[in-house]
Each structure stands twice: as C-alpha cells, then as structure tokens.
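A.B. asks: This is a predicted model, with the sequence first.
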Amino acid sequence: MATVNNNKAVTYLNKDFNTFRQALVDFAKTYYPSTYNDFSAASPGTMLIEMASYVGDVLSYYVDSQIQENFLQYAKQKNNLYTLAYMFGYKPKVTNAAVTNVDIYQIVPAKTTGSVVTPDFDYSLIIQEGSQLQSNSNSDVVFYIKDKVDFSLSGSYSPTSASIYSVDNNNVPTFYLLKKSVEALSGTPKSTTFTFGAPTSFPTVTIGDTNIIEITSASDSDGNVWYEVPYLAQSTIYKEVQNTGANDPNLSQYNNNVNYLLRLIKTSKRFVTRFNSSNQLELQFGAGLSTNDNKEIVPDQTNVGMGIYGGVNKLTTAFDPSNFLVSDAYGIAPSNTTLTVNYLVGGGAISNTSANTLTVQRSMTTAFVGTNLNATLSSQVIASLAFTNPSAATGGGDGDDINELRFNTISQFPTQLRAVTKDDYLIRALSLPSKYGVISKAYVTQDLQSGNKMADPLSLSLYLLSYNVNNQLTPASPALKENLRTYLSQYRMLSDEVLIKDAFIINIGIDFDIVVRPNYVNRTVLANCIDTLKSYFDVTQWQVNQPIILGEVYSLLDSIDGVQLVQTVRINNLVGEGAGYSLYSYDINGATLKNVIYPSLDPSIFEIKYPDTDIQGRVVTY
C-alpha cells in the first residue's frame, strides 16, 4: 500500500491569479506526478486549477480590502470612514450652512415727555426665535433666526439703534426707525415624530431627511425635554437661562451685555446622533429603563478618596475628567411615549445668497412690548417691519468628502476636544457664543512670580476684555466671566487651573506735526491724516500685548497724498476715570525703545478711546 505524504509544502505568499495558478501546477507536479500530468490549456485539470486560482485571487483581494478599511489613513468606503470618525470622536458634516447678519427694521411713534421727544418703546416688537426669511430671488433659499429679537433691549451684545424716520411741519419727530442686527443660518425647520412602546436598551431611530444641519429640540408627549450629548456617558449638558433677577439676582445687573447665563445641568434624558452612509441622521438613546440612574454613588470633589459606607469600591471605575457625574446606565430610554424631534435641513452652495436678497418674510411670530396700544399705530408698526442682509451669506457648501472626512478625523483625535495648549484655551474662549457675552480680546499666559520663577506650571491666566455699547474696551463683567468659566469646564484638562482675569487698558492720544506740499489744502490733508490714523488704531484690529511701531505710523502719514514731511509723532498716555479713561497710567517714554512702544509685562492693550478728540494734528513749516 502506498504511503501518503501529509507533509506537503504549501506557500502562503500568493496574492494574485497567476501566482496561485503556478503554485497549484507546481504542487500537482511535485506530489501527484503519476496521477495527473496533462497541464495543457484544454485539459479539465487546468480548468479546475484556474477556477481555484480565481477563487483564491478574489478572496485575497477581499481580505486585503477589509484589512485596509480598518485603518483611517487608507479606508475608502464611506460607511467605514463614518464608523472610524465616530470612534475617534469626530462628527462628520453632511452639509455646511451659510451664515449672515440680517438687519431688521421697524418704526415706532414718538412720544413727548415734557420738552423731550423720544421713541415710544411700548410699540417696539419682540420677534420670537425660529423666525424664517427667504431670498427674493430663490424661494428655496431659507434662513433661520435662532435667537429672539427684542427691540426694547439694547446692549453691547445686541444694540438697538434709533434714528428719526419722519417729522411734522415743525421738524418735531413723529416716528423713529429702530434697527437690530441678528445672525441668521441657512436652513429650513422641519419636524418628525417617533413612537416608542415597551422599553428597550439603546433604541435607535432614523430621520428620513438628508442634508440635516442640526437637531434644534426634542421633547416627548409627557412634556419632557431630551438633550443631545456628544456621547451617552456624558450626563451634563449646557442650558441657557435668561439673565433676570429671578434666575440670578447677583448677575442680572449685567444683562445689558450678557443676555443669557450658561448653566451645567445633569440629565438622564439624553441621546447621541450619528450620520449613516446615506446621509440620514440616526438618534440613539440610553440603556436605562427607569427614571433613576442605576449608580450606587455620585462622587464629587468633596468625597472622592473617602471611605464609602458598605465597602463600595469605585477605584476601578473610569470617570469623565470633565465631571464626576457619570452613570453606567448611559441615560434612560424613552418608552410608551411619542418623541417630537425638530431639526434644520438645508445648507449647500446654493445658500450662499447675495447681499440684500433676504427680504421676504416666510414665517414669523411677533408681539408688542407694551399693552393697550393704539390699534391704528400698531398696524402701521407691523406693516413697517423690513429685513435685509447687508453682506452676502458665506460658509455654505457640501459636507465632508472622503479626504476631508479622513483628515478632519485625524486632526480631531489628538486633543479629543480638550483644551491642551494655550492656543486651545484662547480659541475656546473666543468661541463662546455671543449670547452669553462678547469677548473682544483674550490673551493666555502663565504668570511669573518675583525672580522670574513660575508660579505653577499647570496654572494658566486668561486675560479678557469686552466692548461696551460704544465699541470701547471695558473689563468683562462678572456674568461674562461666570459663563466663560462654565463653558471652559467641559474642555479643561483635569490637572489645569484657569484663572480668568481682566487685561489692562492703556488709553493713548496722538499728536503729530506735518509739512504740507505746496498747492494742497492744509485742512484736507490734515483730515486725511486723522482718518488714516483712526483706521490704523481701530481697536478691533489691535490685540493684547501688541506694540506700537512708530516707524509704521511715520510711513503711514508720509504716504498720504499732500504730505511732504512728517515732522513729529507723539504718543501720550491719557488717564483718569473722571475724564472717561482707564485708571491705569503708563510711562510711554520709559516703554519706548528704538521707536517701538512696548506694552507692559502685565497683559495690556493700547486703545484710542475717543478718536475724534484724542488724535490731534498740526500743519507746520520747516
């Protein structure tokens, strides 16, 4: 009886059809030389060898392809890239919404108090959030106003400007024109409902629309509000409350520039969203099946590390470093209720509408501030409501393509949305939504103790300044600082300490002497010089710790038509709260080195507070 050789040599390095075929032919010739030796193209054995080679080639391709799709750098299939993106913490964009500012106008009648004529703000309108405008050239282009517009309120966050609209025969104002500017986002509001029966863990529903910009709200038939979170283990969310005395008696005094207060609240009614490869949005809810979080204890900074009654051991539990309020239930699942989800769809390149095209009112709810108003005047005020966008809408476009999805995910992963560097904290501070207060200037540094010794390597000082209603620099209000502190708490590294402080304002004035060329009008040349300096020293273009380079000022004046010679430029420190300036004086001469005026070691910024009076020029002769 013939001996069977079970130790046959098999190669595992073949990857394509030809190498598979040649390996099978060599295998047959080596181990079955007397059984089969017809390897011509027409033989049945060759057909079987080539069919096996074909199967091997296809399987090899799919194995390589599946391995490739596991790596973010090489994946090509959109559904795999979406899965990898969410795994690394990046939320893909399927559409980009355009943004623009919309100017809203209304008239109000004048009222006379004694001999003073002022606008009657009882007739000012309140436009509720969710109002919609559409383009006068394309009805498919719809913009959505997220914030409430109240013409009776005016502050640095949302100023109301008033101008005379009409006068009577005695030039006494009869109507005033009020104007507000508000941000509008391209998108059409839509709504859908989902019915949930018996409770299940991690239920998932899908919104059938595509090009979804964001979820604006979600509530169930029992009146409960559900909140979107980045991941289900996060049990805290931001919630805005109006800055009123009822909500915070200490901070309500600053509601002229901080209309809303930012709060962190804990909620078990939460969900996460994910786009699938069809650009539809999936909503996934938690695993909890009751309204109670199934945790044994909620640790906080006051009891972490203390002994716990009953011997409950939390040493192996991983907590979110941004907060300790984490439950292994991942929130609760909706049951025996109907969930209503409101969302925005739209965006795209078509939403980049031209200037002065958003003039058509599509959907809007309005109310008067006052009561018991004259019906005729009320109708006239309502009819006067007008809109326009002074600048073109920008930012609209398609969502992430394959390469953008890959590179955005790679760039997202290193920080995981945490503020790590000083620039991260600076960007986060400047990204605070304006409804919580406007941060005009920000600077991050590590303060030094005496002797140039670092106080604390993990302690950062964030210096802030804001604007007042006249667009002048002012210290940030306590309400704004509190909102920023709350906002940064979700991004701050656990070991970092962020101290929020006021940057210093150095008010300056400028005196200059010029020689004017012959045949030029002195007054015209001087006015052009002053206007140029106003633009150069515009506070919106200056940053904290930016020096004044006198050579640039000389060159700027020298380049103005009609200026023959710039004789002198003097920078003076203007100080004194009684005169409306900063209380901090500064030695300009001592801070000047080689025609450069340097700011102080303490973070500070130069500001010309009253350009119309603080910039003085003279025409002199040689």
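C.D. replies: Thanks, I have the structure now.

A.B. asks: phi, psi of the residue nearest to the spatial centre of the chain?
C.D. replies: With the centre of the chain defined as its mean C-alpha position, the nearest residue by CA atoms, centre = their mean is Ser431, 5.3 Å away. Here the main-chain torsion angles of Ser431 (degrees, to the nearest 10) amount to phi -90, psi 0.

A.B. asks: Am I right that Phe202 sits in a strand?
C.D. replies: No - under DSSP: H, G, I helix; E, B strand; the rest coil, Phe202 falls outside any strand and is assigned coil.

A.B. asks: I'd like to know how far it sits from Lys239.
C.D. replies: As for Phe202, its distance to Lys239 is 25 Å (criterion: CB to CB, to the nearest Å). For every residue, glycine as well, the C-beta is placed using N, CA and C.

A.B. asks: go on, Tyr74?
C.D. replies: Separation of Tyr74 from Lys239 (CB to CB) stands at 42 Å.

A.B. asks: Equivalent analysis for Glu607, please.
C.D. replies: 35 Å.

A.B. asks: the more surrounded of the two?
C.D. replies: When neighbours are counted by other CB atoms under 10 Å, Glu607 and Lys239 differ, and Glu607 comes out ahead with 22 against 14.

A.B. asks: from memory the more buried one sits against Thr540, does it?
C.D. replies: No - using CB atoms under 8 Å, Glu607 and Thr540 do not qualify as a contacting pair, with a distance of 10.7 Å.

A.B. asks: May I have the secondary structure class of Leu24?
C.D. replies: Using three-state DSSP, the structure places Leu24 in helix.

A.B. asks: mind starting the numbering at 145 from now?
C.D. replies: Fine by me, first position is 145 from now on; the one you just mentioned is Leu168.

A.B. asks: related to what we said a few turns ago, do you know the pLDDT at the residue nearest to the centre of the chain?
C.D. replies: The model reports Ser575 with a pLDDT of 76.

A.B. asks: for Tyr301, same thing?
C.D. replies: 66.

A.B. asks: With Thr163 instead?
C.D. replies: You'll see Thr163 listed with a pLDDT of 90.

A.B. asks: check contacts around it.
C.D. replies: When contacts are counted by CB atoms under 8 Å, 6 or more residues apart in numbering, Thr163 is found next to Leu157.

A.B. asks: Distance-wise, check it relative to Ile494.
C.D. replies: 52 Å.

A.B. asks: Same check on Ile357?
C.D. replies: Between Ile357 and Ile494 the distance is 14 Å, computed by CB to CB.

A.B. asks: Could you do Val252 as well?
C.D. replies: When distances are taken as CB to CB, Val252 and Ile494 turn out to be 36 Å apart.

A.B. asks: Name the residue in those two with the higher neighbour count.
C.D. replies: Summary of the neighbour comparison: Val252 and Ile494, criterion other CB under 10 Å, with Val252 having more neighbours (27 against 15).

A.B. asks: could you list every residue that touches that one?
C.D. replies: Shown here is Val252, whose contacts under the criterion CB under 8 Å, 6+ apart are Pro263, Asp264, Phe265, Tyr267, Ser268, Phe295, Phe319, Tyr320, Leu322, Val525.

A.B. asks: wait, the second one sits on Lys255?
C.D. replies: It stands for Asp264. Yes - assessed by CB under 8 Å, Asp264 is found in contact with Lys255 at 4.1 Å.

A.B. asks: Between these two, point out the one with more neighbours.
C.D. replies: Between Asp264 and Lys255, counting by other CB under 10 Å, Asp264 is the more crowded of the two (19 against 15).

A.B. asks: For the more buried one, which residues are in contact?
C.D. replies: Listed by CB under 8 Å, 6+ apart, the contact set of Asp264 reads Val252, Pro253, Ala254, Lys255, Gly514.

A.B. asks: now the third one, what's its secondary structure?
C.D. replies: Remark: Ala254 carries the secondary structure label strand [criterion: three-state DSSP].

A.B. asks: what about the longest helix seen in the chain, distance to the chain center?
C.D. replies: Secondary structure of the chain per DSSP state H: the longest helix is helix 188-212. Between the centre of helix 188-212 and the centre of its chain there are 51 Å (CA atoms, centre = their mean, to the nearest Å).

A.B. asks: re earlier: out of the contacts of Asp264, flag the one nearest to Pro743.
C.D. replies: Val252 (44.8 Å; CB to CB).

A.B. asks: measure the closest residue to that closest one other than its chain neighbours to Tyr230 for me?
C.D. replies: Leaving aside its sequence neighbours, Val252 sits nearest to Tyr267 (CB to CB, 6 or more residues apart in numbering; 4.3 Å). Plainly put, Tyr267 is 51 Å away from Tyr230 if you go by CB to CB.

A.B. asks: These two: which has the busier surroundings?
C.D. replies: For Tyr267 against Tyr230, the residue with the higher neighbour count under other CB under 10 Å is Tyr267, and the figures read 26 against 17.

A.B. asks: for the more buried one, what are its contacts?
C.D. replies: With contacts defined as CB under 8 Å, 6+ apart, Tyr267 is in contact with Val252, Pro253, Phe512, Val513, Gly514, Leu517, Leu521, Ser522, Val525.

A.B. asks: Just the ones of these in strands?
C.D. replies: Where these overlap with strands, as defined by DSSP state E, the overlap consists of Val252, Pro253, Phe512.

A.B. asks: JSON lines please, covering those residues and showing distance to Leu502 and pLDDT.
C.D. replies: JSON lines is the format used below for those (distance: CB to CB, whole Å; pLDDT from 0 to 100):
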{"residue": "Val252", "distance to Leu502": "23", "pLDDT": "94"}
{"residue": "Pro253", "distance to Leu502": "27", "pLDDT": "94"}
{"residue": "Phe512", "distance to Leu502": "24", "pLDDT": "94"}
